[in-house]
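Student: Build the 3D model from these lines:
(2 chains)
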Number of protein chains: 2
Amino acid sequence: MSLLGQSKWNVAVIGATGAVGREMISILEEKEFPVAKLRLFASEKSFGQTLRFRGQELPIEVLAKDHLAPFENIDIALVSVGSRISQEFLPLIAERGTVCIDNSSAWRMDPDVPLIVPEVNASALSGFRQKNIIANPNCSTIQMVQVLKPIHDAYQIKRVVVSTYQSTSGKGQKGIEELSKQTIALLNQKEIKTEAFPHQIAFNCIPHIDQFDEEGYTFEEKKMMLETVKILEDASIRVTATCVRVPVFSCHGESINIETERNASADEIRALLSQTKGLKVVDDPTKNLYPTHILGVNQDDTFVGRIREDHSVENGVHLWVVSDNLRKGAALNAVQIAGALSREFL
Amino acid sequence: MSLLGQSKWNVAVIGATGAVGREMISILEEKEFPVAKLRLFASEKSFGQTLRFRGQELPIEVLAKDHLAPFENIDIALVSVGSRISQEFLPLIAERGTVCIDNSSAWRMDPDVPLIVPEVNASALSGFRQKNIIANPNCSTIQMVQVLKPIHDAYQIKRVVVSTYQSTSGKGQKGIEELSKQTIALLNQKEIKTEAFPHQIAFNCIPHIDQFDEEGYTFEEKKMMLETVKILEDASIRVTATCVRVPVFSCHGESINIETERNASADEIRALLSQTKGLKVVDDPTKNLYPTHILGVNQDDTFVGRIREDHSVENGVHLWVVSDNLRKGAALNAVQIAGALSREFL
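Tutor: Presented below is the predicted three-dimensional model:
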């Protein structure tokens, strides 16, 4: 039985004009999601714009407190706005009956909000009515827990050390444009402007994503560490992360080192991940086959390769993981959560 | 007393026209190295070219078996050629009395060949007369052991997990050009050519540097693992590595996770590294101060930042390290080895 007994849903995309919002609209269409009516919301500065869905130009409505009545007829909102806006508006939208699937970090660690990657912990969705809010994990967390989950179930993970290679689209449309503009400026020996990132990103790497905490970790690193434990529902797993922005437009790469309780050979891990939904193992080094950022672009699957045993520790294994941060890392995962709501839980 | 009792030396640069060779010549001049006469050698295809040194155009001589007599009057050769050529020619040159400082991987693990980073293990230089060959470590090893050494001395390192962010200049002149050409082609929506790297490198990351071994590690990764143990002279240190090429022209970045025997606070590590010759600590996140690849370009120092405690293990610490792979990672270190030979050991 589907959500609210319907076979088609009224859906809203909030933050529709951003990089993730646009991807949400395109995935709703591409996956033939059972949308009855789609409404698009964004901030005032997008007012007057339209975006195409199933051949129609839909107007952008302004997200504002005096314009919340529409949500009384909206079943599901896919939300990709900043944390502050999310904190302010989602309770007001949710109390009107709309189930909010939120891409910001605002609600992720709230114990009354499920934090969901459908292939990993769909069962945790059952608690969604507590606040009518479901959180989409951080992009770099999603692709990591997709590979950690089957390994944890089979071999019990003790510790994870991850270093990331994250694309500029993680900073949205302005991150994509800044890499492009700076690259062109540098190749033409012109001065560059630095706005979206704290330093030049073209032909550079920046070990800084989101704010720093007092201990010197970035919030991005802390998200990977905390969200992973919540999603895998095991506080004994120790995770530590270093997050780095690289001059690539799309996809995030991750060098993941894992220590498990029980011994697993590289072949066993490879076989296990090959059978896992949402993952694609690309791991034949003799043929130069392993994931690269380019390979992951516009793909639904998360790619895994460079699987090898790490003899520097008992039961160690290395993985290299690539996924499209705007799709599985954001928009696709949100749409999949919406899909899972109907199929399994209502 | 200086090498062979001289105050000035006859020096050769072998592989003079490559990216590292050119940097060697420029560093000899810039550092006012006591060169009596400089001779430049390269393969046949560079014959007829000249390179500038101290205002003079020096001819390129061909490195060939019937042209080894010059080495009878050459004190030191700085060598940056492929491993195969190094293996073939260095014994012939060394037996003519020339001390060879070799940048290839050919001799690094030979027990009769010192593997030297002067700030780290200059004392190991004493064995250089065994073969008249001294090896320059791999670029990614050099910058890592510079930070590991003081930490190991003070706190005894147990395990190191490193992931690298390596620039295209590590593949020499052709690596630099391929990133540039592919970037321009992509921005002009033209087809790209892939020659120097196994996949597109522009706006992409490639987790593959050097060949793969049968276990799935690259030789680059194995170099970091084996050379580190040789240089730190402690087989109890366990090192594991993942090496990744990023679309950056200069410098290598490294995300290094260290587990020590004795507890060290981030502040203690920061203070220790601040006092270490050859290192520069740039670590004030609240002011967006940390090393980036751009910061390291053309610098002698290796930069360290993002120093923070890792609570996922007992006595863990994270570091982010950036260094110019053509300078400290290759040419500068080779010239510094030559300098150390005179000052301390002869």
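
Student: rest of the way, CA atoms for contacts and neighbours
Tutor: Noted.

Student: Relative to chain B, how far out is residue A:306?
Tutor: The gap separating residue A:306 from chain B is 7 Å, by CA to the nearest CA, to the nearest Å.

Student: Need phi/psi at that residue.
Tutor: phi 50, psi 40 (degrees, to the nearest 10).

Student: Now do it, the pLDDT please.
Tutor: As predicted, residue A:306 sits at a pLDDT of 98.

Student: burial count for residue A:184?
Tutor: A count of neighbours around residue A:184, defined by other CA atoms under 10 Å in any protein chain shown, yields 17.

Student: now it, nearest residue through space, not along the chain?
Tutor: Leaving out its chain neighbours, the residue that sits closest to residue A:184 by CA to CA, 6 or more residues apart in numbering or on different chains is residue B:187, at 7.9 Å.

Student: Likewise for residue A:311?
Tutor: Residue A:311 sits nearest to residue B:240 (CA to CA, 6+ apart), 7.7 Å away.

Student: ok, now how distant is that neighbour from residue B:16?
Tutor: Applying CA to CA, to the nearest Å, the value for residue B:240 to residue B:16 is 33 Å.

Student: Settle it for me: which of these two has more neighbours?
Tutor: Using other CA under 10 Å as the criterion, residue B:240 and residue B:16 rank with residue B:16 on top: 27 against 22.

Student: can you pull the contacts of that one?
Tutor: Residue B:16 makes contact with B:22, B:24-25, B:40-42, B:60, B:80, according to CA atoms under 8 Å, 6 or more residues apart in numbering or on different chains.

Student: who touches residue A:50 in this structure?
Tutor: A:57-60.

Student: Mind listing the residues bridging to it?
Tutor: Partner residues in beta bridges with residue A:50, using DSSP bridges, are residue A:59.

Student: Check residue A:100 too.
Tutor: Beta-bridge partners, per DSSP bridges, of residue A:100: residue A:77, residue A:133.

Student: if we can go back for a sec, pLDDT at the residue nearest to residue A:184, what is it?
Tutor: With respect to pLDDT, residue B:187 scores 93.

Student: what are the phi and psi values for it?
Tutor: Dihedral angles for residue B:187 - degrees, to the nearest 10 - are phi -70, psi -20.

Student: Up against chain B, what does the stretch 151-300 of chain A have?
Tutor: By the rule CA under 8 Å from any CA of the partner chain, the part of the stretch 151-300 of chain A lying against chain B is A:159, A:161, A:163, A:165, A:184, A:187, A:198, A:202-207, A:212, A:215-217, A:238-240, A:242, A:246-249, A:253, A:255, A:257, A:285-286, A:288, A:290-294.

Student: Output the below-cut-off pLDDT ranges for the stretch 1-150 of chain A.
Tutor: For the stretch 1-150 of chain A, applying pLDDT under 70 flags the ranges A:1-6.

Student: Phi, psi for residue A:286 please.
Tutor: Note on residue A:286: backbone dihedrals following degrees, to the nearest 10 are phi -60, psi -20.

Student: residue contacts, it?
Tutor: By CA under 8 Å, 6+ apart, residue A:286 lies in contact with residue B:212.

Student: Can you pull the phi and psi angles for the closest residue to residue A:97 other than its chain neighbours?
Tutor: Excluding the flanking residues, the one nearest residue A:97 by CA to CA, 6+ apart is residue A:72, at 6.4 Å. Here is the backbone geometry of residue A:72 (degrees, to the nearest 10): phi -60, psi -20.

Student: what about residue A:72, how many neighbours?
Tutor: Here the number of neighbours of residue A:72 (other CA under 10 Å) works out to 13.

Student: now do residue A:66
Tutor: Residue A:66: 7 surrounding residues under other CA under 10 Å.

Student: try residue A:324
Tutor: Neighbourhood size, residue A:324 [other CA under 10 Å]: 31.
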